[in-house]
Structure formats: structure tokens, C-alpha cells
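In: any chance you can model this:
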Amino acid sequence: MIIKKHEQPLYLQQLEALLRRLPCEHRKRAQIQEAYNKSIAGYKGEQSLQFPLSYLREDQYLIFYDLRLSNGAYFFQLDTLILSKKYFLIIEVKNITGTLYFDLELNQLIRSADNKEEAFPDPLAQVSYQRIQLGLWLEKLGFTGIPIETLIVIANTRSVIKVSNKTCDLSQKIIHSQIIPIRVNELDKTYSIESLAMNNLHFLAKQMLSKHIPLRQNILKRFQVHASELLNGVQCDYCLKLPIERIHGSWLCKVCMKTSKNAHIKALKDYSLLIDTTINNKEGRHFLKVSSEDVVKRLFQTIPLEAEGMNKGRRYKLLFDILNNFRN
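Out: Sure, this is the predicted structure:
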């Protein structure tokens, strides 16, 4: 059973919004595009796990995608976590092409492709850290003695896996994604004793879901981009022209001549992702490029957005659930 679905990470949505709002010639665009390419590759790699995991029996396993928990001072993030009554399984996904060489002496992953070598952080060290942190998190809730297994899954089936120490058998720790059901079956045979009853497992799953805190970064600060450098306005849903105009209660693109009633919703999402999760009328007029205070007030009220404060101090909450579910 899937407890936490696989959804597009907030950071990836922030990168997409930033690329939409940056001029083509912006000095940081290449750097941001590279970060986006890496992020989308990781996201697609995690998506690829959904098919092999669909072979697992829903009544025996609880699955979390992209779970981020806190042990107090630090957060730890798990690409995929599988809970069973016998053991827990952490899966770290790597969507990397080429020949992958796991250097066990220097604790690094070296990728060779197109006559180039590139070093990556050691995934084995990553899952070892995640295992420790998850164990500590469970202890705080009173859950001890639960075996925690780890897997490195290489999403690209054409990637070649090599290790520096041929005497060290990592075939059970580093696998391609299609081997996951086989490996889980092997773990089921290894662990014959149940550590948790199913009702306790579901209680723990609810705790994990309630304690999940998605990573939200100050994306502008990270890439040293000022809000004044962004392209303001509402973007056409069809030809992507930016900005388009508000005319007679609709948004009109004068390039493709398409009209839209709710094209401003995406613009408000961009504002939430890039600048702030609340907005006032003045900020709304500036970002949407609408001169009328009354028009922006009506746009905010008809979505509808939750608001706090009165008059000039009134701020509207740009909640994703509201923006995503709104239909004009």
C-alpha cells in the first residue's frame, strides 16, 4: 500500500518556476538549467521505481516516496521507504548513465561516460547515514530492534556497475531497479520473525506522514537572483508568451489570440514558489502587471484565498492545495 505518493518535489517546481521567470540571457540561467537537469533526472529515476514496486503485495508493505523527517537539529530524506512487519527497507535511487565505479577505499562513486570521469558522493555512505538517522527517529517513538535494510538502486538499466574491491560482494546492496521484487523476496526469507504487528505498523506510518516536512529553499538566495530580475506578468498557457493582458474579465494573449479565465493561477503559484507564500494587493498588482486594485482584489477573492489583516495590511495566503484545486 502506498502511504505517501510520488509527487514532484517542491525544489523541482521552484527550479521550473525560476526558469520560466528568468530572461533568456540572464547570467545565472545556465547554472540553474544544470541544477534543473540533475533534479529532473533524479525525479524520473525515483518514478521508475513505481513499476517494480507494484509487484509487491499491498497488504504486506507500506511504501513512502520522498519522505523527509527531522531528528531535532537535522533533517534526513529518504527516496523510498518500505515498511513491513519483519523489517524496514531504505532505497536510495541513482539515475546515472555510463559506467559506475564504486570506489570503496576513497568512498566515492565515479561515473565514466563520453570519455569523461565525474565523481559523485558515495551512495553507500548516504544510505548508511539514513539508516542511522531513521533508527534514532524510531527510538524516540519507542520502536527499537527493527531491522533496517538498505539498497542502492541504479534506475538506468544500461548503466554498468563496477566495484573497486572484487572480494567485496555488493550484489545484494547495489542493484538495477527491475531486481527490487527479487531482493525484497530474499529479505522476506531472511527475516522470519515479525518485529511489529500490522496495527502498530499503521500507527507508525501515520506518525511518519504527519512528521514529513517537505524541503523548501529560498531559491532566489541560493542562486543569488534578486526578485527585481524576474519577469513579471501572467503567462499564456498556449504559446507561453509573457506577459499577457487582462481585458474584459479574461486574460488575452495578443500573439496566439487565445483567452483564459484563470491564467493568473499559475502566476500566483510562481510567486509562492519564488518570492513568498503570502501576498498583498500591491504586490499582486506588481507581479501580475495589473494596474487596478479592484481587479486584483476580485482575483484574490474569487479563488478564494485565505486572508489575514485588514485594509492595507491585508495579506492573502498562497496555499498550493487551494491553487491546485481551483477551477474557474
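In: burial check on S228, number of neighbours?
Out: Around S228 there are 6 other residues, counting by other Cβ atoms under 10 Å. The C-beta positions use only the backbone N, C-alpha and C, and glycine is treated the same way.
In: do you know how far it is from Q235?
Out: 18 Å (Cβ to Cβ, to the nearest Å).
In: and if you look at E25?
Out: For E25, the distance to Q235 - Cβ to Cβ - is 18 Å.
In: stretch 24-41: how far from the chain's middle?
Out: Centroid separation for stretch 24-41 versus its chain: 17 Å, with Cα atoms, centre = their mean, to the nearest Å.
In: where does the stretch 151-300 of the chain dip in pLDDT?
Out: The stretch 151-300 of the chain contains residues with pLDDT under 70 at 166-167.
In: where do the strands sit along it?
Out: Counting by DSSP state E, counting those that start in this stretch, the stretch 151-300 of the chain has strands at residues 160-163, 174-176, 245-247, 250-252, 259-260, 278-279.
In: any idea which of the ones you listed is most buried?
Out: With neighbours defined as mean count of other Cβ atoms under 10 Å, the strands of the stretch 151-300 of the chain peak in mean count at strand 278-279, which reaches a mean of 20.
In: more neighbours, E25 and Q235?
Out: Higher neighbour count among E25 and Q235: Q235, with 22 against 6, using other Cβ under 10 Å.
In: tell me how far the residue lying closest to the more buried one once chain neighbours are set aside lies from N232.
Out: Spatially, and ignoring its direct neighbours in sequence, Q235 is nearest to L242 (4.3 Å; Cβ to Cβ, 6 or more residues apart in numbering). To N232, L242 is 9 Å away according to Cβ to Cβ.
In: repeat that for V160.
Out: 48 Å.
In: over to the most far-flung residue of the chain relative to its centre: give its phi and psi.
Out: Centroid-distance maximum for the chain: H248 at 38.1 Å, with Cα atoms, centre = their mean. Phi and psi for H248, reported as degrees, to the nearest 10, are phi 50, psi 50.
In: now swap in the one 10 residues further on and tell me
Out: K258 adopts backbone torsions of phi -80, psi 150, taken as degrees, to the nearest 10.
In: quick one, domains of the protein?
Out: 2-211, 232-325 (automatic domain parsing).
In: gap between the two ends of the longest one?
Out: Put plainly, it is domain 2-211. Taking Cα to Cα, to the nearest Å, domain 2-211 runs 17 Å from one end to the other.
In: in three-state terms, label V93 for me.
Out: When classified by DSSP: H, G, I helix; E, B strand; the rest coil, V93 comes out as strand.
In: thinking again about what came up before, and the strands of the stretch 151-300 of the chain as CSV, adding distance to D122?
Out: Shown next, in CSV, are these (distance: least, Cβ to Cβ, whole Å):
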stretch, distance to D122
strand 160-163, 12
strand 174-176, 11
strand 245-247, 53
strand 250-252, 50
strand 259-260, 48
strand 278-279, 41
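In: many thanks, I have nothing further to ask.
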